[in-house]
Structure formats: structure tokens, C-alpha cells
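Student: Sharing a sequence plus its predicted fold:
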Amino acid sequence: MEQNRFAAAFKQNAIWLVFIIEIAIFAYFNPKFLSLPNIINISRQVSYYGIASIGMTFVILIAGIDLSIASIVVLVNVVCAYLMMNMGWNMWLAILVSIAMATLIGVLNGFMVSTIGIPAIIATFASQTIFRGLAYILSGGLPIPDVLRYAPEVGLNGDPALGFFARWTLNHWSIFPRMGVGLIPVCAIIMVICFAVGSFILNKSYFGRYFYAIGGNEEASELSGIRVSKMKYLIYALSGFFAGLAGIIVLSRTGSAQASSLVGFEFEVITCVVLGGVSVAGGIGHMSGVIAGVLIIGSLKSGMVMMNVSEYTQMVVQGLVLAIAVGFDCFSKKRQAS
Amino acid sequence: MYEVSADLTEYFREIDPKKRLVILDSLPESGGVDFVREVYNDRYSDHEGKGRRNIDWWLWRCICLQLLYGRGGFFRHFRDKEVTTIINELRMNDTDESHRAILYHEYRNTARRYLSTCRSGDYASSFMGFRKASDEEKIMKACADIWQMSGGIAKRSGNDTAMKLWVDAFREEIVNYDDICRDEYERLRKEDS
């Protein structure tokens, strides 16, 4: 019994071992990999993957998929920049409206999947195309550049909030200067808060339990009284919300909005989630595993860049990681069944 | 194992709550029917007050037990606490023999209702529902589910004695579900011990 428990605990946390081995390999080949600037850089890089992966975790837990998140991120980028730069909106209002729009797109996905009954992969693929197209239309196919640089003038004529935003988004805001914690990127702090909220939803709220129940046996959940249809709306809305938040982080990092950016982002997020042990069959997974998955992918990308691996090879490696993660999940399911 | 009158047999065989109520209303108010009615009201009422409709509270607690089976580590304390709550809610520790007979059949009915969902198209499917499970895969998963929500969680939370009636009822239901279930249930039991 104790041995089985140990084996189960090891299996559940093996992903962290993979992460440590990966770090050790990259550090061996390039000692600068573990330098403070690189760690900060990785934490910035993984922040938007991490935030988007929380919503994706909820969706995959109910045996669904959301292929529209990359388009939502891009559309939020473009809309937020457009509202600030072209229409002179207050920054906070623009952010709120953009995130609300992202959440509404999630609700639309929920409507297509739950009410109309379109398979999630098709419904969200349609959304992906629609909203990427809308981002192109709104931006005219051109980037909206220098959002951070010109926002104060164009936006609200020197509104101090915008100055704060610009500073905030430079990701070098030291939150605990006197305590010597140093340069902690704000986007990383937001990611940690989001993970805490996601973890709370999954482990401590009834909603989290509904998510697992629906993923495990949808029909039994319905019979027990859960309004599965409403839950699907909520889950896709949450996925949209987190994608919207990730979009704001991306805008704050790059300082420009471009409709053609982040192609394939959804697959990278799916890789993080599945690598973290969330089963594509639904009903199984933990937020701690997803955090490990996000860190592995972030470190992998950074490590490959530091080892001068070409961008094309990076794509091959990431595709292989996704195939291995999903393949391993399917294989273990098959072995369990036989 | 636990005998009930012929009138009640039909009631316990039916899994649709509305049809069960019709049968229950047609029964004469004697021979423990008042307790059967009490159990019925308890099972199909909203204990959370969250406005859920057509609730089957006991079925929901089955699902909860299965989810709790997968919990351990930091959450072990919370898991054990909730299992104790469920034991009390579902009256697993009722010592009255006539009540135990009725509870046994109600538990079997709950297990049967769960199993009625295990032959549906989407059950045990993988890869976001694109790969449908074979009949054998569905049966194997049903066995695993039943084990986890009965014997498995009882063992893990150290409530073998308190949950005996529940475990027996679920075991009886699954071994009668399909020919291969008896061996599979035994395999799961040995693997977990």
C-alpha cells in the first residue's frame, strides 16, 4: 500500500524531475542559462503562456479544446492598442473592455459547443479564423507600433496612469526593493496570482469539482444535477478571460500590436497543459503539473535560443514534445484499459 | 443478502426518479415504506441549496467519492474529512437492520444509475471525444470507476468498516454488470491493497 502510494506520488510529480533534468542539461552546456537575467527573462516569457494555460486546463479537463486562444490574444492586443492609440481611451478602460470582449468570445465558444452542439475542435477553430480575421480588419493588416512610447500623448495627454502602465509593463518594477528580492517582473507576479486562483478554483471550489466530474463522466454529472451546459459556458468564458489577460501581458511586453503574431500559440499552450499531466480524455490533471509544463516549455525555448538552435529546429522540437506528451497520455490510457 | 418485500423490489429496480416516485406512491404505508420515502426525499433533494435541478444527491456523492479517491498528499486530511461527511450523509453507519436492508438496495440502485451512463457513446472516449471507446474499454472503465467510488476510497481513507454496506452494494452491482467484471474488480482490489 505504502509502496503504491509512493509510486503514485512519484508518477504525479515526475514532471518536476523532468524539469530539473532539463535545467541541469542546459546549465551544463551553457552556464549562463542559470544567470539571474536569464531566469528573469524566462519568467517574463512564460508569463503569458502560463496565464493562457490556466483557461486551457479547465477546457481540457472537461475533455474539450480551445483553439481560438491565439486569436483572442491577438485580437485583445489589437483592440486594446487601437482603443488607446486611435480613439484616445483611458488605458484601464481599454484593458477592461478588451478583457470583457475576450470573455464574451469565450461565451460564444461555449454557445457553439454547448447549445448548438458543434464539436469543440471545430467551433473553436471557426472562432480562431473569425477573430484573427477581425484583428487584421481592425489593424488594416499593419502593426500598431510604439503603444508604450506614444500612449501617454495619444491616449490621455499625460495621464499618470499611463505612465504607471508604461513603467509597469517594462517588467522591471521591483516590488520589494528594501527586502532585496530584486527585479521581479510584474507579469510573473500576475501569472503566480492567476495560478493561485486557478488552483483554488480546481481544488477548493465546487466549480472545480464540477469540472472534474464533467470530464470524468458527463452523463452521470448531468443526472446528478449539474447543469453541464451552463458549466461549459463558464469554462469557455474563463478560457477567454485568461487568454484576454495574456493578451494584455503580450501587449505590455512587446509594446506593439500585430494581427499576424503568435501563430501556433494555442498549440504551445496545449503542449504546456498536456505535458503537465492534464489528460486529453478529460477528468484528470492538476494545476501544479501545468505549472511544471509551462516552466519546461519556457526553459526549453530559452535553452534552445542560448544554444543557437535555429527557429525551424525549435518548431520541430516543440512539435515532437506535443506529440510525445499526447502520445504518452493516450498510451497510458490504453494500457490501463487492457 | 438483504431481502425486501416483492413490492419494493420493483421500486429498487427502477432508476428513473419520477417513475420511482409513482411506484412509491402506489405502495401501502407499511413494511418500512416510510423509511424508503425518507431516503427517497433525502436522495433527490438539493443539500447545497445552489438551485440545481433534477438533483440526485447520492449519485453526486458517488462522483465526489471517486474524485476524492484521486486525492492524496497535502489534501489527504481534507479528503478523509469529506469522506466522513459523506458516510454520515448517506447513512452508511445506520445500525438498524431493517434500515440497512433498504439502504443496501438504495445503494445498489445508485450504482445501477451510475452504470446506466457507462454505455453511452461518449463514455471513456479519449482525445476530446474523437476516439470512441470500445465496449470492452467502457466496461473496464466502469469497473475502475465503481472500485474507486466504493472499495478504493474506503481503503484509502481507512473506512473499510464504516463503508462496508456501501462497498458490498456496489460490488454486487458491478459483478452482475458484465461477465468480466468480477475478475476485473478483484484485480483492482488486489492492485490497490
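Tutor: Arrived safely, thanks for sending.
Student: so where is chain B shaky, pLDDT-wise?
Tutor: Applying pLDDT under 70 to chain B flags residues B:1, B:31, B:50-52, B:73-74, B:129, B:193.
Student: Just give me the residue closest to the centre of it.
Tutor: Closest residue to the average C-alpha location of chain B: B:Ala111 at 3.8 Å, with C-alpha atoms, centre = their mean.
Student: Contacts only, for the residue in chain B that chain A sits nearest to.
Tutor: Nearest residue of chain B to chain A, counting by C-beta to the nearest C-beta: B:Ile55, 3.3 Å away. To be clear about C-beta, it is placed using only N, CA and C from the backbone, and glycine gets the same treatment. Listed by C-beta atoms under 8 Å, 6 or more residues apart in numbering or on different chains, the contact set of B:Ile55 reads A:224-225, B:44-46.
Student: Just among these, which is most surrounded?
Tutor: With neighbours defined as other C-beta atoms under 10 Å in any protein chain shown, the most crowded of the contacts of B:Ile55 is A:Ser224; it has 26 neighbours.
Student: Contacts only, for that one.
Tutor: Here A:Ser224 is in contact with A:213, B:55-57, B:59-60, B:62-63 (C-beta under 8 Å, 6+ apart).
Student: ok so, going back, looking at the contacts of B:Ile55, which is nearest B:Asp192?
Tutor: Of all the contacts of B:Ile55, B:Asp192 sits closest to A:Ser224, with 24.6 Å by C-beta to C-beta.
Student: Once you drop chain neighbours, what's closest to A:Leu262?
Tutor: Sequence neighbours aside, A:Ala70 is the residue nearest to A:Leu262 in space, at 5.0 Å (criterion: C-beta to C-beta, 6 or more residues apart in numbering or on different chains).
Student: Can you tell me which helices and strands the helix or strand where the one you found lies packs against?
Tutor: For A:Ala70, the element it lies in under DSSP states H and E is helix A:69-85. With contacts taken as 3 or more C-beta pairs under 8 Å, 6 or more residues apart in numbering or on different chains; DSSP states H and E, helix A:69-85 sits against helix A:36-61, helix A:91-110, helix A:120-139, helix A:147-150, helix A:228-254, helix A:265-275.
Student: May I see those helices organised as a markdown table, with mean neighbour count added?
Tutor: A markdown table is the format used below for the helices and strands packed on helix A:69-85 (neighbours: other C-beta atoms under 10 Å in any protein chain shown):
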| stretch | mean neighbour count |
| --- | --- |
| helix A:36-61 | 24 |
| helix A:91-110 | 21 |
| helix A:120-139 | 19 |
| helix A:147-150 | 18 |
| helix A:228-254 | 25 |
| helix A:265-275 | 25 |
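Student: For A:Val263, list the residues it contacts.
Tutor: Neighbours of A:Val263 in contact, by C-beta under 8 Å, 6+ apart: A:Ala70.
Student: so it sits in a helix?
Tutor: No - A:Val263 sits outside any helix when classified using DSSP: H, G, I helix; E, B strand; the rest coil, being coil.
Student: How about the residue in chain B that sits furthest from its center?
Tutor: Most distant from the centre of chain B: B:Phe130, at 28.7 Å, with distances by C-alpha atoms, centre = their mean.
Student: what does the stretch 201-338 of chain A have sitting close to chain B?
Tutor: Proximity of the stretch 201-338 of chain A to chain B, by C-beta under 8 Å from any C-beta of the partner chain, involves residues A:203, A:206, A:209, A:212-213, A:216-221, A:223-227, A:280-282, A:284, A:326, A:330, A:333, A:336-338.
Student: what do you get if the cut-off is 6 Å, keeping everything else the same?
Tutor: Applying C-beta under 6 Å from any C-beta of the partner chain, we find that the stretch 201-338 of chain A lies next to chain B at A:212-213, A:217, A:219-220, A:223-225, A:280-281, A:333, A:337.
Student: Throw these into JSON lines and include pLDDT, thanks.
Tutor: Output for these, formatted as JSON lines (pLDDT from 0 to 100):
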{"residue": "A:Tyr212", "pLDDT": "94"}
{"residue": "A:Ala213", "pLDDT": "94"}
{"residue": "A:Asn217", "pLDDT": "91"}
{"residue": "A:Glu219", "pLDDT": "92"}
{"residue": "A:Ala220", "pLDDT": "94"}
{"residue": "A:Leu223", "pLDDT": "93"}
{"residue": "A:Ser224", "pLDDT": "93"}
{"residue": "A:Gly225", "pLDDT": "91"}
{"residue": "A:Val280", "pLDDT": "86"}
{"residue": "A:Ala281", "pLDDT": "86"}
{"residue": "A:Lys333", "pLDDT": "63"}
{"residue": "A:Ala337", "pLDDT": "57"}
